[in-house]
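S.K.: Just need the structure, nothing else, for what follows:
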Amino acid sequence: MAWFRAASGVARLALRRNLARTPYHVARAGALPRFEPARCFHSTQLRRAAPVPRPVPLSRLTDSFLDGTSSVYLEELQRAWEADPSSVDESWDNFFRNFVGQAATSPGISGQTIQESMRLLLLVRAYQVNGHMKAKLDPLDLEEREISDDLDLALYGFTEADLDREFFLGVWRMSGFLSENRPVQTLRSILERLEQAYCGTVGYEYMHIPNRDQCNWLRERIETVKPREYSQERRQVILDRLTWSTLFENFLATKWKAAKRFGLEGGETLIPGMKEMFDRAADLGVESIVIGMPHRGRLNVLGNVVRKPLRQIFSEFSGGTKPVEEGEGLYTGTGDVKYHLGTSYDRPTRGGKMIHLSLVANPSHLEAVDPVVVGKARAKQYYSNDIERTRNMGVLIHGDGSFAGQGVVYETLHLSALPNYTTGGTIHIVVNNQVAFTTDPKCGRSSQYCTDVAKALSVPIFHVNGDDVEAVVHVCELAAEWRQTFHSDVVVDVVCYRRFGHNEIDEPSFTQPKMYRVIQDHPSALELYEKELLESGRISKDDVDRMRNKVSTILEEEFINSKDYVPRKRDWLSAYWAGFKSPEQISRIRNTGVKPEILKRVGQAITTLPENFKPHRAIKRIFQQRAEMIETEEGIDWALAEALAFATLIVEGNHVRLSGQDVERGTFSHRHAVVHDQETGEMYCPLDHIIINQDEEMFTVSNSSLSEFGVLGFELGYSMENPNSLVLWEAQFGDFANGAQVMFDQFLSSGEAKWLRQTGLAVLLPHGYDGQGPEHSSGRVERFLQMSDDNPYIIPEMDPTLRKQIQECNWQVVNVTTPANYFHVLRRQLHRDFRKPLIVMSPKNLLRHKDCKSHLSEFDDVLGHPGFDKQGTRFKRLIKDRNDHKEIEEGIDRLILCSGKVYYELDEARKNTKRNDVAICRVEQLCPFPYDLIQREFKRYPNAEIVWCQEEPMNMGAYSYVNARIYTAMRAISRGNIEDIKYIGRAPSAATATGFLSVHVQEQKEILHKAMQPEPIGFPF
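M.R.: Okay, here's the model as predicted:
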């Protein structure tokens, strides 16, 4: 069969061409003019009749199935094979043994030709490839799809007279029809089997998968001799689950008529499908499932699949109540609407096992949760030592419009087989309403199916009629089996409808009048299934009534109990977070210094390469220089400081993961976390060899795909699973982070306030003005500061023993200027009892700047060493002037506050101009603002004018954020008013920076000149 897949497409084209040449091949009677291929299930156009096969005598066909000389070629091959079977290719040897050898001994088929056999095989393949186009997928029967010519008998030269002829199919190394021990079948029986398998209420797309074993596995389950049949007991379970799904929506609609709930009406079969999928997955070894989904049907999934208490859901409809606890733990944040919330529960399965389900909270931004779910699933696999990736999996539920339209869907799919991102397969379920809000599919996508994007990954796609609950259950179970068998993604497309509008108070007939006339009279899936079971005698009317009454009674009882419902505790998703503090609980500040002997030991480990390893000579020199830095304890640069932070955290038992574009080497060729042997190509990562028997994933550094949105979302999800890990994402350049703006806006900056979910994710954004143009200069620090939720006019409690400033803020934004301070801010992420996101404006030219160095003693915890104060060694939120001024310096007439690399240029300008009356302080932590340290410096320099200096334009950078906060700090000590805060920096600009190097150089000179000018700075500049 090696020739079969390659030749079939050419064969079909040749058949069409040859049939078109014969005078007997005419247009079908009554055929309509050809339309463009339909891109949707429903349409307002007239339906076309299915094509009627037109008999075409074989004698009138050319004898070609590939080209005009094929019969001669086949005859020559056959003669050669008869003379010597080994003289032809193995595939042709198999072919002739089947069709010539066995067909000759089979009665009643002596008239069958090789060409007929080939065409029959092509017909079977046509159904396998395109049978889904004839499947009955639309429950509303509005679909307007052109049936493929490939399914037309006439195309293959067969007539009605051939239907009862017996044909020899052969015995091949394939599953399904071609594998059975029935090589001789009538054409009628072959067609009936093909129609049953591929043109029922399930449409299968899998022939695009270039793996024979996977295709055979699917064929074994699709091309079955008998139709699937569920037992009486299974049907009772399916009916019960469908009853719960339907009556739950009916109950909400009755109790809260005017409330938005984004119900599942029209797609209720999703619930029994998911529950059967999870049951089957548990039977196959899955212990934990992470779920992500949009708002439609979310409450139903929460209540009936995840088993969130119904009384709690009903309580949230009534406005809900804040948690009440004894003692601490009262933090509730700002909250979110009920159809965005997540939860986590353990539930029993039909097979008697327990499975843990986590539904991840998400915003209204459709599909944004996809990579978060996948990242969380990957983290679960790491922490549970699920090396085979069979015990933890992700399930994503999509809408039809968003699956086709949102780019993050492909970004997430694209991660599925990458070594450090794969989860062993994600199951995708598309709840296909056949309309996106008000947009028809023909306006919402260019492809026939909304799921066509998944074909890029060679994964199977199962389209199923959402009114056929048993078919939905079947493909959901099949998807679970596929995932556990082949460890790759799979897509289930539940073609259903939306009984109401986008929400329950929306009017859908404004834009889809025809569809909603049909929906108005269309029975629910529950009514259809009850009718089917009643008519077949499999269930009685009393059984149906009893089941409905039981569900209705429970729902009513839960509604009554909801009125007194009080949540008792915060709903953390993972036990790993037990004991961590919320914003209203004080968490003491910890030392982040490390013992000198540990620093030396790990320093030697991360600067040593194997003896026989042959790195690039430049890399070898870098590692030699790093080893010298550790030995002499001087000149520690940025990359080594980072490596020391990672190594010391690993020694303490923490997991460290760094990902992003080109992070292994580093965008600026500074990190070299992974070194390549120049002769063998072997890779070596020093940080994988810090402790004895170190787990290979304990430190993970991974170049990512060229994606920001998807990869940042993945790392965010990963960081949410366990607090005992430092998870970092680095942008190639800081401004590339805006490709993931949804993640920053909807998750990272506000996730704790909305959903009570903490994360310690660190984001590294290379930032700094060095003449590289508008797209490579700014990490857009102003955006992160603008999203910070600290009040600019209120100074919080700043006493070190009572301070909760960082806990009460939504995240931290820093612009660090020394390697030692970078070391401490990374370690601080883990050395406290809470987690906050960290945004780092990381440097570019400071990576190799001669003055941007630290002494090893700044990293340790020894009393008297640099950086050690009465609290120990830790991150410095503000670095005072390097001249070590006294507590009060009346001779200083200008205090320049700045942040980032501009400090080094200001310091150089001060030296050159000998302005010893100018003090320069570095604000290392911009958010939350270090009021106490700023006030300390104001008091130190009572006669100095106060200046904020930055490289960025006035409408960017930190100026807008710090201005009000500097004023608040001044006002509290009666230092002056807001007009006393002067500005030095670039003028307002639309672009972040100039694209002309000469202009950049001139602008930098003007900034430095103004900062050192003897005259007072004017207001505001």
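
S.K.: mind showing which ranges of the stretch 551-700 of the chain have poor pLDDT?
M.R.: In the predicted model of the stretch 551-700 of the chain, residues 567-576 satisfy pLDDT under 70.

S.K.: ok, which stretches of it are strands?
M.R.: For the stretch 551-700 of the chain, the strands defined by DSSP state E, counting those that start in this stretch occupy 655-660, 675-676, 683-684, 699-703.

S.K.: Which elements pack onto the third one?
M.R.: By that I understand strand 683-684. When contacts are defined as 3 or more C-beta pairs under 8 Å, 6 or more residues apart in numbering; DSSP states H and E, strand 683-684 packs onto strand 675-676. Heads up, the C-betas are built off the backbone N, CA and C, glycines and all.

S.K.: which residue sits closest to the most centrally placed residue in the chain, ignoring its sequence neighbours?
M.R.: The chain has Pro371 as the residue nearest its centroid, 1.3 Å off, counting by C-alpha atoms, centre = their mean. Leaving aside its chain neighbours, Pro371 sits nearest to Gly713 (3.2 Å; criterion: C-beta to C-beta, 6 or more residues apart in numbering).

S.K.: Quick check: that neighbour touching Ala368?
M.R.: Yes: with contact defined as C-beta atoms under 8 Å, Gly713 reaches Ala368; the gap is 7.0 Å.

S.K.: follow-up on the earlier one: assign a three-state SS to the residue nearest to the centre of the chain, would you?
M.R.: Here Pro371 is recorded as helix under DSSP: H, G, I helix; E, B strand; the rest coil.

S.K.: For Glu276, pull up the helix or strand it's in.
M.R.: helix 270-283 (DSSP states H and E).

S.K.: So which helix or strand of the protein has the lowest pLDDT on average?
M.R.: Of all helical and strand segments in the chain, the minimum by mean pLDDT, DSSP states H and E falls on helix 2-21, at a mean of 46.

S.K.: Show me what the longest helix seen in the chain is packed up against.
M.R.: The longest helix of the chain (DSSP state H) is helix 232-255. Under the contact criterion of 3+ C-beta pairs under 8 Å, 6+ apart, helix 232-255 touches helix 270-283, helix 298-304, helix 310-317, helix 469-486, helix 525-535, helix 541-562.

S.K.: Please, where are all the strands along the stretch 751-900 of the chain?
M.R.: 762-766, 812-814, 838-842, 868-869, 872-873, 878-879, 894-898.

S.K.: tell me the phi and psi of Ser960?
M.R.: phi -60, psi -30 (degrees, to the nearest 10).

S.K.: same check, this time on Ile397
M.R.: phi -110, psi 130.

S.K.: Likewise for Ala919?
M.R.: Dihedral angles (degrees, to the nearest 10) for Ala919: phi -110, psi 140.

S.K.: So in terms of bridging, what pairs with it?
M.R.: Residues in a beta bridge with Ala919, per DSSP bridges, are Leu895.

S.K.: Check the gap between it and Ile946 for me.
M.R.: 10 Å (C-beta to C-beta, to the nearest Å).

S.K.: Next, show the common contact partners of these two.
M.R.: Leu895 (C-beta atoms under 8 Å, 6 or more residues apart in numbering).

S.K.: The residue lying closest to Thr994 once chain neighbours are set aside: which element?
M.R.: Computed as C-beta to C-beta, 6+ apart, the closest residue to Thr994 that is not its neighbour in sequence is His1000, at 5.3 Å. Assigned by DSSP H and E, His1000 belongs to helix 997-1012.

S.K.: Mind giving me the packing neighbours of that helix?
M.R.: Helix 997-1012 packs on helix 902-913, strand 945-953, strand 981-986, going by 3+ C-beta pairs under 8 Å, 6+ apart.

S.K.: Apply 6 Å and report the result again.
M.R.: If contacts are counted by 3 or more C-beta pairs under 6 Å, 6 or more residues apart in numbering; DSSP states H and E, helix 997-1012 sits against helix 902-913, strand 981-986.

S.K.: between these, which gets nearest to Ser148?
M.R.: Closest approach to Ser148 among the helices and strands packed on helix 997-1012 (C-beta to C-beta): strand 981-986, 61.6 Å.

S.K.: what inclination does the closest one have with respect to strand 945-953?
M.R.: On the basis of axes from the mean of the first three to the mean of the last three C-alpha atoms, to 10 degrees, strand 981-986 is oriented at 30 degrees to strand 945-953.

S.K.: quick one, strand 981-986 and helix 902-913 angle?
M.R.: 100 degrees.

S.K.: separation between Lys914 and Cys898?
M.R.: 20 Å.

S.K.: Of the two, give the one with the bigger neighbour count.
M.R.: Cys898 (26 against 9; other C-beta atoms under 10 Å).

S.K.: contacting residues around the nearest residue to Ala647 once chain neighbours are set aside?
M.R.: Leaving aside its sequence neighbours, Ala647 sits nearest to Val602 (C-beta to C-beta, 6+ apart; 3.9 Å). The contact partners of Val602, taken as C-beta atoms under 6 Å, 6 or more residues apart in numbering, are 647-648, 690.

S.K.: same thing but 7 Å
M.R.: 644, 647-648, 651, 690 (C-beta atoms under 7 Å, 6 or more residues apart in numbering).

S.K.: Tell me the one among those residues nearest to Phe1019.
M.R.: Once C-beta to C-beta is applied, the member of the contacts of Val602 that ends up nearest Phe1019 is Leu644, at 44.1 Å.

S.K.: Verify the contact between that closest one and Glu858 for me.
M.R.: No: using C-beta atoms under 7 Å, Leu644 is not in contact with Glu858, being 10.9 Å away.

S.K.: Looking at these two, which one has more neighbours?
M.R.: More crowded of Leu644 and Glu858, by other C-beta under 10 Å: Leu644, with 28 against 23.

S.K.: Name the nearest residue to that one, sequence neighbours excluded.
M.R.: Phe823 (5.9 Å).
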